[in-house]
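>>> Here's a sequence, model it:
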Amino acid sequence: MLVIVTGTLNILNVFNRFISKNKDKDQPLLHDFIEISEKYTPLIKANSWSNQADGNQQPRSRSTVSVPQVAKMADIVVYNDFVDEKSLYNHLETLEITSTERIRPSWDTYFMKIAEIASSRSNCMKRKVGCVLVQNNQILATGYNGTPYSLLNCNEGGCSRCNSSSTSSAGTNLDLCLCLHAEENAIIQAGSKLIGAKPSTLYCNTCPCLGCAKKIVQSGIQRVVYDKHYSVDSHTATLFNAANIEFMKFENLNL
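From the prediction side, this is the model:
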């Protein structure tokens, strides 16, 4: 739905015409004029002001609505501040109002809008990102960035990197970030169906790095066993401990 709302310049023109035509009546201030105009009718009439001043003005019946009410329901709102009709129509041409995308969005538009909605669930302090994983136009999983499941949300202090004022530039110190990316979350959610609710153990001959550890937490794996030490063992151990994941060094008995 398209709604063309009277712009600032046209409101002033209407106000000035009202004043010039009703010099013998009480003159409203501009903000009072605009308020009554929006509440009762797009073009205020002479008796509207006098009735309002007397406290007798009644809003329109429920079967009718004001222009501002209609504008809230519109897909496109154009504020008409154009100096002539030709300029207005030239602007309307640029909006591609008759495009089929407005009537029924393409698959790409549809899923991108869902990704945008998914981003609103993000708890990351740095950036809100949403993702949708699709197969044959069917949604497999959605994801948004934030700390892994069972950990404190980023916006509640869960990730010290994102909450640090010293981290000024985007994309820096990501190896210290506890937040999973939206893409990672979507892929993990799709794959977690294979893991299911049954207890799972991950075996790795080297201690998982922090990046992999975040994904292990999010996927629902409950136990991790490793053999060789790695430089980030302490960070991984801290994360697994916070997520209540059993984390142990493999003891080779050399049998």
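>>> and Leu243, how many neighbours?
Careful, residue 243 is Ala; it's not Leu. 20 (other C-beta atoms under 10 Å). All C-beta spots, glycine's among them, are computed from the backbone N, C-alpha and C.
>>> same deal with the one 4 residues further on?
Residues lying near Phe247 (other C-beta under 10 Å) number 20.
>>> That one is in contact with Val224, isn't it?
Yes: using C-beta atoms under 8 Å, Phe247 is in contact with Val224, at 5.1 Å.
>>> and for the two, which residues touch both?
Common neighbours of Phe247 and Val224 (criterion: C-beta atoms under 8 Å, 6 or more residues apart in numbering): Phe240.
>>> Spatially central, which residue of the chain would that be?
Ser120 (3.8 Å; C-alpha atoms, centre = their mean).
>>> which residues touch it?
By C-beta under 8 Å, 6+ apart, the neighbours of Ser120 are Lys128, Gly130, Tyr144.
>>> From those residues, which land in strands?
Gly130, Tyr144 (DSSP state E).
>>> What distance do you get for the nearest residue to Ile114 once chain neighbours are set aside to Tyr226?
Distance criterion C-beta to C-beta, 6 or more residues apart in numbering; nearest residue to Ile114, sequence neighbours excluded, is Val132 at 5.1 Å. From Val132 across to Tyr226, the span is 34 Å (C-beta to C-beta, to the nearest Å).
>>> Over to Ile117?
For Ile117, the distance to Tyr226 - C-beta to C-beta - is 39 Å.
>>> more crowded one of these two?
Tyr226 (19 against 13).
>>> on that earlier part again, could you dump the contacts of Ser120 to JSON lines with pLDDT, distance to Lys25 and neighbour count?
Shown next, in JSON lines, are the contacts of Ser120 (pLDDT from 0 to 100; distance: C-beta to C-beta, whole Å; neighbours: other C-beta atoms under 10 Å):
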{"residue": "Lys128", "pLDDT": "89", "distance to Lys25": "53", "neighbour count": "17"}
{"residue": "Gly130", "pLDDT": "92", "distance to Lys25": "55", "neighbour count": "23"}
{"residue": "Tyr144", "pLDDT": "92", "distance to Lys25": "58", "neighbour count": "22"}
